[in-house]
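Engineer: Structural data only, the sequence is not supplied:
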């Protein structure tokens, strides 16, 4: 079985390194993008089992990226985990209303991150 493939989008290089390290340890292939346009280009070229998306990015924010992903027949079914420093209830509600499957607030707990990623990809974290 081919490994799962994830697209991680964040303008903070340290966050992308943490995500890549965590997911590669789970035998997941990870592509990264530091902004919306780069992410959308990758999403048009590849198929992803999951997309991890930051909200606050220069140029194009995460909600605009999310809308474009949901409007694209190639990516509209991919679950999206929003990973952001924004913890306001209205922002979380908006994200869920727009089709995000999970919403994690930075700084995040590493074990909770792994659990959310497993849930979002439909994997059993116990390996059963």
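Structural biologist: Nice, thanks for sending it over. What you see is a predicted model; the values in this text were computed from it and never measured.
Engineer: Just say helix, strand or coil for residue 21.
Structural biologist: What DSSP: H, G, I helix; E, B strand; the rest coil gives for residue 21 is helix.
Engineer: Give me the neighbour count for it.
Structural biologist: Per other C-beta atoms under 10 Å, the neighbour tally for residue 21 reads 10. Backbone N, C-alpha and C define where each C-beta goes, glycine included.
Engineer: how far away is it from residue 14?
Structural biologist: Residue 21 sits 11 Å away from residue 14, going by C-beta to C-beta, to the nearest Å.
Engineer: ditto for residue 8
Structural biologist: In terms of C-beta to C-beta, residue 8 sits 12 Å off from residue 14.
Engineer: Those two: who's more crowded?
Structural biologist: Neighbour count, other C-beta under 10 Å: between residue 8 and residue 14, residue 8 has more, with 26 against 8.
Engineer: Pull up the gap between that one and residue 52, please.
Structural biologist: Residue 8 is 4 Å from residue 52, by C-beta to C-beta.
Engineer: anything in contact with each of those two?
Structural biologist: residue 19 (C-beta atoms under 8 Å, 6 or more residues apart in numbering).
Engineer: ok, which stretches of this protein are strands?
Structural biologist: For the chain, the strands defined by DSSP state E occupy 5-9, 29-33, 50-53, 80-84, 102-105.
Engineer: The ones you listed into TSV, with extra columns for mean pLDDT and distance to residue 95?
Structural biologist: Formatted as TSV, the strands of the chain follow (pLDDT from 0 to 100; distance: least, C-beta to C-beta, whole Å):
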stretch	mean pLDDT	distance to residue 95
strand 5-9	97	14
strand 29-33	97	19
strand 50-53	97	9
strand 80-84	95	5
strand 102-105	95	5
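Engineer: what about the ones you listed, which gets the closest to residue 40?
Structural biologist: strand 29-33 (8.3 Å; C-beta to C-beta).
Engineer: Contacts for the closest one, please.
Structural biologist: With C-beta under 8 Å, 6+ apart, strand 29-33 has contacts from 3-10, 16, 19-20, 23-24, 39, 41-42, 46, 48.
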